[in-house]
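In: A structural model of the following input is requested.
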Amino acid sequence: MQIVFEKLIRKKIFCDEFKSLTENNLIDLTSNRIAIIYGPNGTGKTSLAKALGQDPGAEYTITINGQKHTEKDLKIAHVISDQNDRNIIEGSTEDFILGDNIRREYELKRQIEDGFRDLFEQKLIFGLKQRFGISVKGSPFESVIRDAKLKEFIADLGNVKSKGRNIDRGEFLNHVSGLIRHEIPEHDEAKLKFFIEDFKGKDSVIRKFLAQSFVLLKEEKQLLKIEESSEAVRILEKYNYLDECVVCDTDIDRDVLLTRKHSQKKVAFESLSEETKKIVEEIIKKIPNADPFNLSDGLNQALKSGDSKALAEIKVEIKAYSDIYSNLIVNLFVDSLADDLQTAFTEYAKLTIEKPQFESEDIIFIEKFLNDCLERKIMLTRDGDNNLKLLLGDDEFLNHGRGSLSLSNGEQNFLSLAFELLKAKKANGTIVVLDDPISSFDSIYKNKIAYSILKILGDKKALILTHNTDLIKLLEHQQKNCFSLYYLNNTREEVNGLIFINPHEVKILLYIHEFLDLLRAGIKNEILDEKAFLISIIPFMRGYCQITNNCDDKNLLTKIMHGYETTKVNLSEIYGRIFGPGIIEGIHNISVLDIVNMDLDSIEIIKSKKFPLLSKTLNHTFTYLYLRLSVEKRLVEKRNVNTKKFDMLSNIITDAFKGKDPESIHNRVFFLSRKTLLNEFNHFEIDMNIFQPAIDITNQSLNKEKTEILQKLQTIV
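Out: Numbers count the residues shown, from 1 in each chain. Here you go, the predicted structure:
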């Protein structure tokens, strides 16, 4: 994989070159799955991570294997923020837990959830409403459905608040899977449709018809009179412009005749029995024109004749359609239930009976390490609904603030980072970006994190942003040649971008013996200024003498590491004794005065093509030493500091400005707060790392601090 950065913008963090990068913009992950991007604090590492995480307002154009991506497209990166932004471990248990059984359990759970959602919210609810007229709880059709358990299911499905959520799924599957699909006899669809449409209504004539016993029927001859009067009224109202009879052509008074017919109809109706009146008012009058069961004719004939046999036959027919309806409901449930849902539910039930256990080697490693370090253990358990839960002790910690976990800062950081790595392993992003992953960790945690990054991320392509060379070394020692190295430079009026660090420098950065071998031979062809080179490496040589018990040379080198000393030291001889002859050709007797009289701005120490990082480091180390000597020399001379009593820089500064007046306080704070002055070069005597902290400052920041210090010194009198 090759990643080409063409544009990178976030607020005003990046220099103008990043708006259209044309060089130093390629990250090559073809041979390695990890690229480390090193950069001092303030160069924009976190802004790079946030931009790739599509932070609001950020812009980027990146080409990956020839395909262009911008901040408007889908995210290409899964970003793991630095410790300051990892306040909450966000996500669900599923985002972190790996392992075949657990993964299968979650797959089945999703399949079951999707299956029941489709079953309840689509197939059944839609079918019951559209085909069978059931859309609310307490539907009249509950009296028609014979299966008592289906009635319960339908009642909950018809409840707009629950929509089936209260149905026990195991009970549902067991019952429905045991139903037998009914053969539906031939029938009249018009009658079935009428049955459904009428039966669901509040004023259903079918329900009233079925509820009527019709046992006390007697001949109601007056019904004929009612029919005649009703028909006469209909004709008179329809042909209201006539003044003669449409049958016999005799003259008529329409209004008088209409009043008489209404009166006759009323008299006839009043003569009916109360039962007949009820049937007429509540059933016959409400039968619609579409009457496929011939309810109107049947009722009228039965009332006129007193014979209810025909009504009994209609009831039998309606009951047959009621049975068809009930059987069709059963068939709807049977047809809607997919076989794979039952299979998935059965398999899921078996898995959830088992006690949950961590299966993945990755999380077992994290569990083991955390449980060894923390008083509370990481556990996997189930809640009342068989959902998997991650617990720290007895408490949930996902989506909870780290401060509520009662852990040390280091424990919180490791816990959050470890689980972010697990999430990143499952993420869909093309690359994983880790911002400063080992900041503020002690050595034990650093080693574990380096291992975790390599182990958990597996084959994922990753960009690791850091200002700590310890992480680079730890990754190398965990897995040799596992990364490519880049230097992020983002300083105005410099060569900016993602500068590739070649294998020559990676070796001397990672292995002290490789750097020592370079000083013993290969450096000779790279040196541009022997005097400046020897001065820049004074602190390293003194540290080397310290650990090799070369006290004589160590003491000589100390003479030119304090600004109040006047001794001249032959650096050529010392270098020859330490690293061997033949490297330094000239004789360089150097004193503190010689160093502080040099022109910092015109120094070129070694060639930068093959060793750009070392070149930058030596220039910085030279500047650190130059400023330290200049400050000590000036303060001792101008403030008469007793160097036998105050021989270290911090003590010299304190004594030179020991007053409590505002000026003394200001000067004391100014010098004690300078990064370049506080560096006592102890790192050389601890781990012989020449690269840090010398390069842990940008050229721009170093030049700014240099200018401020030298200008301040001129004011000291």
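In: Spell out the residue ranges of the helices in the stretch 151-300 of the chain.
Out: 169-177, 189-199, 205-211, 222-238, 254-270, 274-282, 295-305 (DSSP state H, counting those that start in this stretch).
In: looking at those, which has the lowest confidence?
Out: Note on the helices of the stretch 151-300 of the chain: helix 222-238 shows the lowest mean pLDDT, a mean of 61.
In: domain assignment for this structure?
Out: With domains defined by automatic domain parsing, the chain comprises 2-98+408-501, 102-186+328-350, 221-271, 512-714.
In: Compare the ones you listed and say which comes out lowest on pLDDT.
Out: Among these, domain 221-271 scores lowest, at a mean of 64.
In: Next, count neighbours for Asp601.
Out: Neighbour count of Asp601, defined by other CB atoms under 10 Å: 7. Every residue, glycine included, has its C-beta placed from N, CA and C.
In: From Asn703, how far out is it?
Out: Computed with CB to CB, to the nearest Å, the distance linking Asp601 and Asn703 is 9 Å.
In: do Glu71 as well
Out: Glu71 is 33 Å from Asn703, by CB to CB.
In: do the same with Asp323
Out: On the measure of CB to CB, Asp323 and Asn703 end up 95 Å apart.
In: again with Glu282
Out: Glu282 sits 101 Å away from Asn703, going by CB to CB.
In: and what of Ser572?
Out: Counting by CB to CB, the gap from Ser572 to Asn703 is 30 Å.
In: can you check Asp243 too?
Out: 119 Å.
In: okay, these two: which has more neighbours?
Out: Neighbours per residue (other CB under 10 Å) separate Asp243 from Asn703, with Asn703 holding more: 15 against 8.
In: Just confirm that one is within a strand.
Out: No. Membership of Asn703 in a strand is not supported by DSSP: H, G, I helix; E, B strand; the rest coil, which gives helix.
In: first to last residue in stretch 6-25, what's the distance?
Out: 7 Å (CA to CA, to the nearest Å).
In: Now do that stretch: everything it contacts.
Out: Contacts with stretch 6-25, where a contact means CB atoms under 8 Å, 6 or more residues apart in numbering, come from 4-5, 44, 47-48, 50-51, 55, 57-63, 489-492, 495-500.
In: now, which of those lie within helices?
Out: Ser47, Leu48, Lys50, Ala51 (DSSP state H).
In: Please name the residues that touch the last one.
Out: What it means is Ala51. So Ala51 contacts Leu8, Ile9, Arg10, Ala58, Glu59, Tyr60, Glu71 (CB under 8 Å, 6+ apart).
In: how much space between the first one and Leu26?
Out: Think Leu8. Relative to Leu26, and taking CB to CB, Leu8 is found at 13 Å.
In: Just want to know which of those two has more residues nearby.
Out: Taking neighbours as other CB under 10 Å, Leu8 and Leu26 compare with Leu8 leading, 27 against 15.
In: Next up, identify which helix or strand the closest residue to Thr654 other than its chain neighbours is on.
Out: Residue nearest to Thr654 in three dimensions, not counting chain neighbours: Arg668, with 6.5 Å by CB to CB, 6 or more residues apart in numbering. Element membership for Arg668, per DSSP states H and E: helix 662-672.
In: secondary structure class for Arg146?
Out: At Arg146 the chain is in coil, as set by three-state DSSP.
In: so the residue lying closest to it once chain neighbours are set aside, which of the three states?
Out: The shortest distance from Arg146 to any non-neighbouring residue, by CB to CB, 6+ apart, is to Ser326 (5.0 Å). The three-state assignment at Ser326 reads helix, by three-state DSSP.
In: State the distance from the closest residue to Asn642 other than its chain neighbours to Thr558.
Out: Closest residue to Asn642 apart from its sequence neighbours, by CB to CB, 6+ apart: Asp655 at 7.5 Å. With distances taken as CB to CB, Asp655 is found 20 Å from Thr558.
In: Now the buried members of the contacts of stretch 6-25.
Out: Buried by 16 or more other CB atoms under 10 Å: 4-5, 44, 47-48, 50-51, 58, 60-62, 489-491, 496-500, out of those.
In: picking up where we left off before, shouldn't the residue nearest to Thr654 be in contact with Phe657?
Out: Yes. Using CB atoms under 8 Å, Arg668 is in contact with Phe657, at 4.0 Å.
In: Looking only at neighbour counts, state which of the two leads.
Out: Phe657 (21 against 18).
In: Wait, the more buried one touches Asn651, no?
Out: No. Between Phe657 and Asn651 there is no contact under CB under 8 Å: 11.6 Å.
In: Tell me where the stretch 351-500 of the chain has helices.
Out: Going by DSSP H, counting those that start in this stretch, the stretch 351-500 of the chain shows helices at 361-373, 409-426, 443-457, 469-478.
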